[in-house]
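Peer 1: my questions are about this predicted structure, shown below with the sequence.
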Amino acid sequence: MTCFVHLGTSQSQSCGFGALAIIFLCSCIYMIRHKQQHCFLIFHSRHASSDSSLKADLEVGNVYFGVPIFTNAELEEATNHFDSARELGDGGFGIVYYGKLRDGREVAVKRLFEHNYRRVKQFMTEVEILTRLHHKNLVSLYGCTSRHSRELLLVYEYIPNGTVADHLQGERAKQDPLPWRTRISIAVETATALAYLHASDIIHRDVKTNNILLDNNFCVKVADFGLSRLFPNNVSHVSTAPQGTPGYVDPEYHQCYQLTEKSDVYSFGVVLVELISSMPAVDISRDRQEINLANLATSKIRNHEFRKLIDPNLGFESDPEINRMIMAVAELAFRCLQQDKDMRPSMETVLEELKAISSGTHEPDKSKDVSYDNSAGRSKNPPPSPECDNVGLLKNMKSPTSPVSVIQKWGSSSSSSAHSG
């Protein structure tokens, strides 16, 4: 006996509507995913066309931008699985570890914190810049991992003697303070590296004593090009959100979002003040108006207390030659720290003046002389120069200086460096 089950009209309609709903839902999911994929492709193509470093995948075999590609396994082995005991330092973008390759070379391995579009871009920028530039005062890049690998790792030559910051304010400073002759040599070599970068149409954008490495002979190696910009030809500036380290950032760049070579000049001016004072660029233990070293330096000039700015261990009071050089470097630093970028010298001019100061051929410009002593009860205010009285300008103006707080909003997230794109 055959049994037939009769479905009522209402049940048949319910099944029909359910099937249609499922088909409609599947169609919506397909359309949404298709649209997302389409939008991603447009986003990727726009960024690829706007950023020359992303135009093409230049990985060929085991070489990227002309340097070897290491595997993650090789670098894990070299750093003993990124042992914390091997940390050399850290910054806003990653941690640097000491390592030893299988061929015996000692290396510094930078391990970037994140693996996203911005980090890949910074990774590629640093690789591209360091492979196209070769200078004795720039750190050398030995290789990197693939930009498609699970971690972004950069492999540099190992510079054993720490950073200038270590020798000015860290543990090394307590053990064996840098003599003045070494400091003026550091200033000359750093200026040499920056002038070379500018001549190559590159702005470093994060010049600071923590990015100036020293070898065992105290020769300079400028490092960390993750924030650097390749400067287009025939333009006066690049409009970009401020990036860099608080205390070193050009205040005009911070306010107007216009990056120029003079932004590096401002940062280098802060480095020069550090070299003559041994003080950090930012110190929240100082008086509120003097947390920023650039502000502290200009304040001491206005109040004729320049002597208080100088590290007493440098021989400023006892050695006339050191006195002459420190005064000249200070005057140059203050010109670099002008609020108006057009009032700052070029890096090439800075280099030439530092060489002259170091060799003893520098002739001080009396119209820009730095007054540092009020013990005689009188101030030395030079007559204003018709072209530009730099020191006079610094004495009288109180424009905003470089940002001093990592909490300060820059229109982007902040850390030890500002991470704007």
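Peer 2: Everything's here; your move.
Peer 1: where does the spatially closest residue to residue 313 that is not a sequence neighbour land in three-state SS?
Peer 2: Spatially, and ignoring its direct neighbours in sequence, residue 313 is nearest to residue 177 (5.4 Å; CB to CB, 6 or more residues apart in numbering). Glycine gets a C-beta too; all of them are placed from N, C-alpha and C. Following DSSP: H, G, I helix; E, B strand; the rest coil, residue 177 is assigned to coil.
Peer 1: so residue 303 versus residue 67, what's the distance?
Peer 2: Using CB to CB, to the nearest Å, residue 303 is found at 51 Å from residue 67.
Peer 1: which of the two has more neighbours?
Peer 2: Shown here are residue 303 and residue 67; by other CB atoms under 10 Å, residue 67 has more neighbours (18 against 13).
Peer 1: ok, now how distant is that one from residue 142?
Peer 2: Distance from residue 67 to residue 142, by CB to CB: 7 Å.
Peer 1: OK, contacts around the residue nearest to residue 313?
Peer 2: 167, 278, 311, 313 (CB atoms under 8 Å, 6 or more residues apart in numbering).
Peer 1: which among these count as buried?
Peer 2: For the contacts of residue 177, a burial check counting by 16 or more other CB atoms under 10 Å picks out 167, 278, 311.
Peer 1: those residues in helices, which ones?
Peer 2: residue 167 (DSSP state H).
Peer 1: adding distance to residue 112 and pLDDT, write the buried ones among the contacts of residue 177 out as JSON lines.
Peer 2: As requested, the buried ones among the contacts of residue 177 are exported to JSON lines (distance: CB to CB, whole Å; pLDDT from 0 to 100):
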{"residue": "167", "distance to residue 112": "27", "pLDDT": "96"}
{"residue": "278", "distance to residue 112": "32", "pLDDT": "96"}
{"residue": "311", "distance to residue 112": "35", "pLDDT": "96"}
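Peer 1: ok, the nearest residue to residue 300 once chain neighbours are set aside - contacts?
Peer 2: The shortest distance from residue 300 to any non-neighbouring residue, by CB to CB, 6+ apart, is to residue 309 (4.7 Å). Neighbouring residues of residue 309 by CB under 8 Å, 6+ apart: 273, 276-277, 279, 296-297, 300, 330.
Peer 1: neighbour count, pLDDT and distance to residue 210 added to the residues you listed, as a markdown table?
Peer 2: Output for the contacts of residue 309, formatted as a markdown table (neighbours: other CB atoms under 10 Å; pLDDT from 0 to 100; distance: CB to CB, whole Å):
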| residue | neighbour count | pLDDT | distance to residue 210 |
| --- | --- | --- | --- |
| 273 | 25 | 96 | 15 |
| 276 | 24 | 97 | 18 |
| 277 | 21 | 96 | 16 |
| 279 | 18 | 96 | 14 |
| 296 | 21 | 93 | 19 |
| 297 | 26 | 91 | 19 |
| 300 | 21 | 86 | 24 |
| 330 | 24 | 92 | 22 |
